[in-house]
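Q: How does the following fold in three dimensions:
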Amino acid sequence: MKKDELISLWENGNDRLFREEKMDKAMIEKYINEKTIKGSAGTKYNILFYGFIQVVNLILLSMNVAGYMNNPTVLWLLVPQILLTIGIMIFGMDLFYKFREINNYSESTQRLINLQQRFYRGSYEWWLVLASMSAIILMINFNLYLDNDNGTYPIYNKFRFVAVLAGAFIFIYGSLKLATLRSTRTLKAYLSDLNKGMLDQTMKLEGLKKRLIWLYVIIFLLLTVSLVFGIIKAVG
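A: Down below sits the predicted model:
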């Protein structure tokens, strides 16, 4: 039985056909295994994306070291950022290879899900913090580069400066954490269905995902319309 046929039968609630086909755990496991591996792609892209940010950060940091060579105060702020960025890069590379090995695992789907859950609760939790910090380093050094005034960087309101950075960190970390929580909840649903030999939780997730896509589309359209009206009003 093909995957699409399996989902169609389940969504239509045709129990008789399920009994005739004698859908067993192996069939469900194959479907959940494909969904689990497909869902892990987002995590790998996340690690690669923030790995790229480390490269950009190192370039910006090097340029700022050259630009603020005669400003020891700024230099003392840049050196720890360089060391931290190198550390984040090494940690990210190790994390990427560990997660890739997990998803190349050849044992059961249940074992794969358990390994992924352990990964999200362990090393990846640290990565969320480090990735958020790398985004802040990017913001700081981009501003340092753009606002370099003969080797000085004026901060007119230090409290506001720190508050903006703290707010940005919380927002970035919160966004990454929400995405991770969605992944872990999905894995729990897969594991529950796998143990029960059913696809109830998985189908609920699929339905929720479709509704969220429509919600995202509506929000995007509203924001686009607001932007267009704003531009028209500003030009007019």
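Q: next SSE after the helix or strand of the chain with the lowest mean pLDDT?
A: The helix or strand of the chain with the poorest confidence is helix 15-21; it has a mean of 45 (mean pLDDT, DSSP states H and E). Tracing the chain past helix 15-21, the next element assigned as helix or strand by DSSP states H and E is helix 25-67.
Q: which strands and helices sit next to the helix or strand just after that following helix?
A: Per DSSP H and E, the first helix or strand lying C-terminal to helix 25-67 is helix 72-103. Under the contact criterion of 3 or more CB pairs under 8 Å, 6 or more residues apart in numbering; DSSP states H and E, helix 72-103 touches helix 25-67, helix 109-121, helix 123-146. Using the backbone N, CA and C atoms, a C-beta is placed for each residue, glycine as well.
Q: Read off the pLDDT value for K188.
A: pLDDT, K188: 80.
Q: Likewise for L128?
A: pLDDT recorded at L128 is 93.
Q: Which helix or which strand is home to the closest residue to it other than its chain neighbours?
A: Leaving aside its chain neighbours, L128 sits nearest to L176 (4.7 Å; criterion: CB to CB, 6 or more residues apart in numbering). Using DSSP H and E, L176 falls within helix 158-196.
Q: Tell me what angle that helix forms with helix 123-146.
A: 150 degrees (axes from the mean of the first three to the mean of the last three CA atoms, to 10 degrees).
Q: So for helix 158-196, what gets flagged as buried?
A: Of the residues in helix 158-196, 169, 172-173, 176, 180, 182-183, 186-187, 189-191, 193-194 count as buried by neighbour count, 16 or more other CB atoms under 10 Å.
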